[in-house]
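Peer 1: got a sequence here, can you model it:
(2 chains)
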Amino acid sequence: MDLLLQLTINGLSMGSIYLLLGISWGLIFAVTRTFHFAHGATFVVAAYSAYFFQQLGFSLILAAVGSVLAAVLFGMAVEGILYRYLRKAFASHLVVFVAAIGTLITVENLIAMGFGTDVKTLEGFPIKVIKIGKVGFNNLHVVMFATAGILFFLLMLYLHRTKTGKALRAVISNPEMAEVIGIDTRKYFLLAFALGSLLVAPAAFLVTIERGATIDLGHWAILYAFMPVIIGGIGSLPGAALAGLIIGLAESIGIWKISSQWQVGIAFVVLVAVMILKPTGLFGFRVYRGKI
Amino acid sequence: MKHRTWILLIVFSLALTVGASAWAADPKEFRIGAILAMTGAGSWYGEVMSQGILTAMDEINGKGGIDGIKFKVLIEDHQSGSGAAAISGFNKLVHVDKVPFSFTSYTAPTLSIIPVANEKHVLLLNGGAVGPKLVKASPYLFNNRMLAMMHGVGLIERAKERGFTKMAALFWNDDAGLGTHKYVEPRWKAMGGTIVAAEAHPVGTTDYKPYLSKIMAANPDFLALWQWGKDWGIAVKQAREMGFDKPIMGIEFTPDAAKLAGATADGYEAVTDYFESKGDDPWTKRFVASYKAKTGKEPEFYAANYYEGVYILAELIKKAKAKGGDWWNGKALRDALVTIKKFPSVYGGDVEFNPEDGTCRKKTALFVVKGGERVFQKYIEIK
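Peer 2: Alright, predicted model coming up:
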């Protein structure tokens, strides 16, 4: 029983990161229909920016703020410079996708050139081990869960209670109609990238505190960013959030009775199972259009 | 008629002489290969190994090379363990660049290139890979580092010395990690120990919490790590941050992983190759000074192994050349290695190869991590 409880706690902490990855990428995809593979690059930029600011002498909190700003600027730059140009040139989805992969690889290599390839760590988080009987976790895991929950709540509040949030939802539901009623979709595309990048930065920051940053984290991040979106249902941010937690819990609890070495495959088993049983995802009502 | 015979004999002799001299002509440069992890998760290894090679070559080339012939290394990337990338790079080295010798690293890439090395008679020297399958893998493969299974045996002897009986093991799910565990397991049981948890994980795992959960639930006396790269650092950090308070022992220490683990690595014990960069050996001092001047960093044992490898190759070249004939090829270099067997080591002392299985014996020691640094405890003789 202790083991099951331990695995559940582990799953929730990791699932919180997947939740942030899922809703951040899901928001961008729902609004712009861009398979933003370079979201992994945003993740890496956020992680290394935090490290960079800390090396400059900033406190951990200020490094976190710098990390968020860098991620937002980077995300907006990718949309404003690259994707917007490609859309103007009537580039196909495949071309945009390839350009995004190229951006991720380029950014990873540039960071490797600038920072080296060794692990970069963030100092200063006061880890406190919490033990309940034989079950152990720490305050960082609590912060992960709380951060994911608060950011998701704030995002939903923003989308449902503010004018710009409602406009974003309109673009998600029907971009053509949104343009007809006077919504500048280009502006909201940029806003979606800014918000999505803002949401992925805390995930990058927390992961860097827990295990350090390496340039290859971007590939890992993008994998766990689109899986919750597909499992949760394209266009459904609550679906992506729930799916992020489900993947975390499934990966963790899944090894309760089977060997831990199969853990990596569990998320894909969930993905394939959902795609077969409910191709629209858990909360998706249509494959290509959604609403929040 | 008589004259004609003489003329024919002279012409034939001249042809033989010219032919033989052309056949055994010195190369313009000693062009060798290196298959290393230049990109990917293990690029730190590629960086330090290549710098070790280049440092030695700078030293030798700076003194005019060997009989005026200088070294040149061509580095190919196996992308931190890809067999396919290793084969591709090695084929280029062998078929295009015609190298008779290549450094190699990582178990899977090394095993991948062996068929080509055997066919084309290319001598391989590994100073990084540790998998048990490297033993007797090829007559052309030699390892100038102790393999993981030997370190593993050293670790369980230390565990027994500390009075432990219940082992939990966390290891790479590949030939190096799994192979080490399979080698160690019967020996540990024969020593009266038990294994209460054995958790295999993919190389490069970053979330160890699921594995550690099972290990903590099994309540072992200690945790043995058959891991390399940054993995051991992340595992130690996450174990301590989950409240695992039992001793953790491993067979690897690298500064990048130690840095990652930070204060949580304190008390971590490792049985591994012994290279003391602050050692008194004159050659060690010279290497450390050269390496620092070149890279601005302190060398560790991976850089030392590859640096040492270049000097081993230099000895092989001298021996093969002295023997005469066609000497700049893998077969002649291998014959020279089998003849010499024992070479000076940059660790201090010697490195001695076993021609039967390609393994070597060199200094191994027990370290404990204190304040992020490894602190030498004692030498360990592994049988």
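
Peer 1: taking the stretch 201-350 of chain B, what residue is nearest to chain A?
Peer 2: residue B:243 (3.0 Å; CB to the nearest CB). Bear in mind the C-beta positions are built from the backbone N, C-alpha and C, glycine included.

Peer 1: so who does that residue touch?
Peer 2: If you count contacts by CB atoms under 8 Å, 6 or more residues apart in numbering or on different chains, residue B:243 has them with A:129, A:130, A:131, A:136, A:137, A:138, B:216.

Peer 1: past the helix or strand hosting residue A:140, which element shows up next along the chain?
Peer 2: Following DSSP states H and E, one finds residue A:140 within helix A:139-161. The helix or strand immediately downstream of helix A:139-161 is helix A:163-173, counting by DSSP H and E.

Peer 1: which strands and helices sit next to the helix or strand following that next one?
Peer 2: Once helix A:163-173 ends, the next helix or strand along the chain (criterion: DSSP H and E) is helix A:175-180. Helices and strands touching helix A:175-180, by 3 or more CB pairs under 8 Å, 6 or more residues apart in numbering or on different chains; DSSP states H and E, are helix A:163-173, helix A:185-211.

Peer 1: winner for burial among the ones you listed?
Peer 2: Highest mean neighbour count among the helices and strands packed on helix A:175-180 (mean count of other CB atoms under 10 Å in any protein chain shown): helix A:185-211, with a mean of 24.

Peer 1: angle of that one against helix A:163-173?
Peer 2: 100 degrees (axes from the mean of the first three to the mean of the last three CA atoms, to 10 degrees).

Peer 1: angle of helix A:185-211 against helix A:139-161?
Peer 2: Going by the same axes, to 10 degrees, helix A:185-211 makes 170 degrees with helix A:139-161.

Peer 1: just for chain A, where's the confidence low?
Peer 2: Low-confidence segments of chain A (pLDDT under 70): A:285-292.

Peer 1: helices of chain B, start to end?
Peer 2: In chain B, the segments counted as helices under DSSP state H are B:2-23, B:43-62, B:83-91, B:107-120, B:148-161, B:175-190, B:209-218, B:231-241, B:255-261, B:282-295, B:301-323, B:330-340.

Peer 1: reformat those as TSV; add mean pLDDT and distance to residue A:188.
Peer 2: Putting these into TSV (pLDDT from 0 to 100; distance: least, CB to CB, whole Å) gives the following:
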stretch	mean pLDDT	distance to residue A:188
helix B:2-23	54	75
helix B:43-62	95	40
helix B:83-91	95	43
helix B:107-120	95	48
helix B:148-161	94	55
helix B:175-190	94	49
helix B:209-218	90	38
helix B:231-241	93	40
helix B:255-261	85	40
helix B:282-295	96	50
helix B:301-323	96	51
helix B:330-340	97	64
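
Peer 1: could I get those helices as JSON lines with distance to chain A?
Peer 2: Below are these laid out as JSON lines (distance: least, CB to the nearest CB, whole Å):
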{"stretch": "helix B:2-23", "distance to chain A": "44"}
{"stretch": "helix B:43-62", "distance to chain A": "4"}
{"stretch": "helix B:83-91", "distance to chain A": "15"}
{"stretch": "helix B:107-120", "distance to chain A": "17"}
{"stretch": "helix B:148-161", "distance to chain A": "18"}
{"stretch": "helix B:175-190", "distance to chain A": "10"}
{"stretch": "helix B:209-218", "distance to chain A": "4"}
{"stretch": "helix B:231-241", "distance to chain A": "5"}
{"stretch": "helix B:255-261", "distance to chain A": "4"}
{"stretch": "helix B:282-295", "distance to chain A": "11"}
{"stretch": "helix B:301-323", "distance to chain A": "13"}
{"stretch": "helix B:330-340", "distance to chain A": "32"}
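
Peer 1: turn those into JSON lines, columns for mean neighbour count.
Peer 2: As requested, those are exported to JSON lines (neighbours: other CB atoms under 10 Å in any protein chain shown):
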{"stretch": "helix B:2-23", "mean neighbour count": "10"}
{"stretch": "helix B:43-62", "mean neighbour count": "22"}
{"stretch": "helix B:83-91", "mean neighbour count": "20"}
{"stretch": "helix B:107-120", "mean neighbour count": "21"}
{"stretch": "helix B:148-161", "mean neighbour count": "22"}
{"stretch": "helix B:175-190", "mean neighbour count": "20"}
{"stretch": "helix B:209-218", "mean neighbour count": "24"}
{"stretch": "helix B:231-241", "mean neighbour count": "25"}
{"stretch": "helix B:255-261", "mean neighbour count": "22"}
{"stretch": "helix B:282-295", "mean neighbour count": "16"}
{"stretch": "helix B:301-323", "mean neighbour count": "22"}
{"stretch": "helix B:330-340", "mean neighbour count": "19"}
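
Peer 1: residue A:213 is nearest to which of the ones you listed?
Peer 2: Closest approach to residue A:213 among the helices of chain B is made by helix B:255-261 (9.8 Å; CB to CB).

Peer 1: with just CA atoms, put that closest one into CSV.
Peer 2: What follows is helix B:255-261, C-alpha atoms only, in CSV (Å, rounded to 0.1, in the frame of the first residue of the first chain):
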residue,chain,number,x,y,z
PRO,B,255,32.3,15.9,-12.4
ASP,B,256,29.2,16.9,-14.4
ALA,B,257,27.0,14.3,-12.6
ALA,B,258,28.5,15.2,-9.2
LYS,B,259,27.7,18.8,-9.9
LEU,B,260,24.2,17.9,-10.8
ALA,B,261,23.8,15.9,-7.6
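
Peer 1: now for it, which elements pack on it?
Peer 2: With contacts taken as 3+ CB pairs under 8 Å, 6+ apart, helix B:255-261 sits against helix B:231-241.

Peer 1: now for the helix it packs on, which elements pack on it?
Peer 2: Applying 3+ CB pairs under 8 Å, 6+ apart, we find helix B:231-241 packed against helix A:185-211, helix B:209-218, strand B:222-226, strand B:248-250, helix B:255-261.

Peer 1: just how off-centre is the shortest one within its chain?
Peer 2: When you say that, I think you mean strand B:248-250. Relative to the centre of its chain, strand B:248-250 is centred 21 Å away, using CA atoms, centre = their mean, to the nearest Å.
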